[in-house]
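Colleague: Structure for this input, please:
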Amino acid sequence: MEALKNVFESKNEATSPALVTFVTAGYPTVQDTVPIMLAMQEGGSDIIELGIPFSDPIADGPAIQETNVVALNQNVDYTTCLNMLKEARSKGLTVPVLLMGYYNPLLAYDEEKACHDASAAGANGFIVVDLPPEEAIAFREKCSRANLSYVPLIAPSTSENRIQFLASIADSFIYVVSKMGTTGSSVTGTMNSALPELIDRVRAYTDVPLAVGFGVATRDHFDLVADAGADGVVIGSRLVSIIKTAPQDQVAQTVEAYCREISLKGQPPKRPSAARTRSSASRASTASKQPSTSAGASALPPRFGQYGGQYVPEALWDCLVELEEAHKAAMKDPEFIKEFESFYGYMNRPSNLYKAEKLTQQAGGATIWLKREDLNHTGSHKINNAIGQILLAKRIGKTRIIAETGAGQHGVATATACARFGLECIIYMGAEDVRRQALNVFRIRMLGAKVIPVHSGSCTLKDAVNEALRDWVTNLSNTHYLIGSAIGPHPFPTIVRDFQRIIGQEIKAQLNVEIGKLPDAVVACVGGGSNAIGTFYDFIPEKSVRLIGVEAGGEGIDGDRHSATLSKGKSGVFHGVRTYVLQSPTGQIIETHSISAGLDYPGVGPEHAWLKDSGRAEYVVATDEEALRGFRMCTQLEGIIPALESSHAVWEGVRLAATLPKESNIVICLSGRGDKDVEQISELLPGKWESVLDWHVPQE
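Modeller: Predicted structure coming up:
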């Protein structure tokens, strides 16, 4: 920590900002990292950020995301990063080094141990992109015990209260994000003209040095940031580009030459413009500060037990606060509720509760009821949330809507709602899902929306979420991210649940009319978990009703080809929320598999995680084969073609019914219709429909 303070003190005396440079550990090769760090020092870098690779870096642009992929393909993990740092120190690296990355790998490693081992390896501190500052107080204490600094980030969107709070937990310097968006730079790009005002806003609350990053590529950019009053200038993406294009045997030399070009090492210090001199407040503080315990505006976000929260880049925080306040106000506003309910006819609500006599006969036990969300407009439960969030977006003045989709149903619902309200609509969809859900892709485009295939990662739902989050952080002023499942940072899981709980409310009322009592069990498929939490929520207080979620078991949960997050995952942080996650021992998000695109996701809604841990809900799996059997049962016995997602629930519902007395009643949420899946199934089972699939239900 002292080494970082000393850098800024010496630089203030020279009136030249510190040069802070970034490299991802393991890029372009494991062997290159140490020479690159030494070259940065030789070229005039005052501080080095060593990037810890992560599978899903939502705050980073394409350049740095690519470096993460390359490093992970070489099995670079946190331990590898520390070993690289140790080696660099042994070879003469003396400048301070900050470990920069995302929270989940540190959580998987163990925070206390991560700090201890980092200190032992020669690190000077951490920048954790998605760690909520309120939670960072505890992490900061661990850092302090290891004599490490914790460096918070401030964005242009950060409010005054938030700036004051973040300043209170800074101990060496603050990283100021110069502009909205993800990391990235361009030689021909421009710096944010409002940067001086942003720096002044931060200086009003602290005398801790400020280092400015995002978009710096040239010495001219460096000078502009210096003239704005920064104490340090951070360069990352441009260095990645320099490394990528360097001759294979000249990487370190190329890096050193570039750093010299920026630092002007060996030349007289170039002072900032006389029109914009840095104030005395830029000097490193020697005062002892006690961090505040809150962000001023609100305390920790609401959680479901230990799950939930807001693990997002700083730029998103105030937008989430705005969204939470708007949602709370809307839910208390009779006029908003009236407006939402006025679209029930458009959505085809209430959806029918259908007594499935043939499925009941096949099971030979409990009576099976199907909640027909497949009959909703656009063919699934997704329209409930799409209409609700569009009305919410209009309430806060957003004119551009983005969304992610897996099976395409949420994409279709969002595109439909945007067409109805005349809003611009962008849908992110994994390239693999674009292939296997071609019909829904055509429907989305036909409705006037733009589909953007995502080719990173596994090319499925999680990667579509990554890209949507990157878009949102870049276009916050006019854009609402319409998340389709009960996932993501608070308040999204609550918002989605509130618009989907109509499913459970209707089940209660409709079954009471039919049989005068509650069901014995409700069953729903679970990917992210929106139809399931909508089905479960109003039954949570009803202890006599079993809540059963059915995950995608893929090719079997004894291997890796599945999406059974609650059954095989563990607590972690992913897509802005703490929940159950399918991850490697080192905290990397692993690729999943399901025959159904909508369940092909390595996380799950935090409320489901809480329901599992509390024992209130049961979570089981159905394999691809069992889902296909459920599909056939429903199709050929009831004449209802279900979505492959819903087919998982059909299989488990019929299996469960066979084990219960005939006076029992089970409701299965038929969350979507299967028109979208028919072509995929015909490709999976050419000429084998009769011989491969039967609808026999094993008896317990």
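Colleague: sec struct for the nearest residue to Glu160 once chain neighbours are set aside, please.
Modeller: In this structure, Glu160 finds its nearest non-sequential neighbour in Arg201, 7.3 Å apart by Cβ to Cβ, 6 or more residues apart in numbering. Quick note: C-beta positions are derived from backbone N, CA and C, even for glycine. Three-state assignment for Arg201 (DSSP: H, G, I helix; E, B strand; the rest coil): helix.
Colleague: Count the residues that sit near Arg201.
Modeller: By the criterion of other Cβ atoms under 10 Å, Arg201 has 17 neighbours.
Colleague: now it: how far from Ile174?
Modeller: Arg201 is 12 Å from Ile174, where distance means Cβ to Cβ, to the nearest Å.
Colleague: Which helix runs longest in this structure?
Modeller: Longest helix of the chain, by residue count under DSSP state H: helix 314-331.
Colleague: Run through who's touching it.
Modeller: 59, 132-133, 152-159, 162, 166, 177, 180-181, 297-298, 301, 310, 312, 336-337, 391-392, 395-396, 469, 472-473, 476, 480, 489-491, 494-495, 498, 576 (Cβ atoms under 8 Å, 6 or more residues apart in numbering).
Colleague: Show the buried residues in the residues you listed.
Modeller: The neighbour count (16 or more other Cβ atoms under 10 Å) marks 59, 132-133, 152-159, 162, 166, 177, 180-181, 301, 310, 312, 336, 391-392, 469, 472-473, 476, 480, 489-491, 494-495, 498, 576 as buried among the contacts of helix 314-331.
Colleague: show me the residues around the most centrally placed residue in the chain that make contact.
Modeller: Centroid-nearest residue in the chain, with Cα atoms, centre = their mean: His575, separated by 1.6 Å. Going by Cβ under 8 Å, 6+ apart, His575 touches Asp56, Ile58, Lys462, Val465, Asn466, Leu469, Ile487, Gly488, Pro489, Gly603.
Colleague: so of these, which ones are in helices?
Modeller: Lys462, Val465, Asn466, Leu469.
Colleague: got the CA coordinates for stretch 387-401 in PDB?
Modeller: Listed next in PDB are the C-alpha coordinates belonging to stretch 387-401 (Å, rounded to 0.1, in the frame of the first residue of the first chain):
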ATOM      1  CA  ILE A 387     -45.300  -6.000 -21.100                       C
ATOM      2  CA  GLY A 388     -44.600  -5.200 -17.400                       C
ATOM      3  CA  GLN A 389     -41.000  -4.100 -18.000                       C
ATOM      4  CA  ILE A 390     -41.900  -2.100 -21.100                       C
ATOM      5  CA  LEU A 391     -44.400  -0.100 -19.100                       C
ATOM      6  CA  LEU A 392     -41.700   0.300 -16.400                       C
ATOM      7  CA  ALA A 393     -39.200   1.500 -19.000                       C
ATOM      8  CA  LYS A 394     -41.700   4.000 -20.400                       C
ATOM      9  CA  ARG A 395     -42.300   5.200 -16.900                       C
ATOM     10  CA  ILE A 396     -38.600   6.200 -16.500                       C
ATOM     11  CA  GLY A 397     -38.300   7.600 -20.000                       C
ATOM     12  CA  LYS A 398     -36.300   4.900 -21.800                       C
ATOM     13  CA  THR A 399     -36.800   4.600 -25.600                       C
ATOM     14  CA  ARG A 400     -34.500   1.800 -26.500                       C
ATOM     15  CA  ILE A 401     -35.000  -1.800 -25.300                       C
END
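Colleague: mind listing what's buried in it?
Modeller: Going by neighbour count (16+ other Cβ under 10 Å), the buried part of stretch 387-401 is Ile387, Gly388, Gln389, Ile390, Leu391, Leu392, Ala393, Lys398, Arg400, Ile401.
Colleague: Give me the three-state assignment for the last one.
Modeller: When classified by three-state DSSP, Ile401 comes out as strand.
Colleague: what sits against it?
Modeller: Ile390, Ala393, Thr414, Ala417, Cys418, Leu423, Glu424, Cys425, Ile426, Thr479, His480, Leu482.
Colleague: what's the answer for the first one, then?
Modeller: The neighbourhood of Ile387, defined by Cβ under 8 Å, 6+ apart, consists of Phe340, Phe343, Tyr346, Met347, Ala417, Phe499.
Colleague: Out of these, which end up buried?
Modeller: The neighbour count (16+ other Cβ under 10 Å) marks Phe340, Phe343, Met347, Ala417, Phe499 as buried among these.
Colleague: Pick the one among these closest to Thr635.
Modeller: Nearest to Thr635 among the buried ones among the contacts of Ile387 is Met347, at 24.8 Å by Cβ to Cβ.
Colleague: isn't that closest one right up against Leu375?
Modeller: No: in this structure, Met347 is not within contact of Leu375 by Cβ atoms under 8 Å, at 10.3 Å.
Colleague: In strands, which of the contacts of helix 314-331 fall?
Modeller: Counting by DSSP state E, those place Leu153, Ile154, Val177, His480 in strands.
Colleague: How about the third one, nearest residue that isn't a chain neighbour?
Modeller: Distance criterion Cβ to Cβ, 6+ apart; nearest residue to Val177, sequence neighbours excluded, is Ala155 at 4.4 Å.
Colleague: longest strand anywhere in the chain?
Modeller: Longest strand in the chain by number of residues (criterion: DSSP E): strand 546-554.
Colleague: Report all helices and strands that that strand contacts.
Modeller: strand 521-525, helix 530-536, helix 565-568, strand 617-623, helix 624-638, helix 644-657 (3 or more Cβ pairs under 8 Å, 6 or more residues apart in numbering; DSSP states H and E).
Colleague: and these, which one's lowest on average pLDDT?
Modeller: When those are compared on mean pLDDT, helix 624-638 scores lowest, with a mean of 94.
Colleague: Tell me what angle the longest strand of the chain forms with strand 617-623.
Modeller: Here the directions of strand 546-554 and strand 617-623 differ by 30 degrees (axes from the mean of the first three to the mean of the last three Cα atoms, to 10 degrees).
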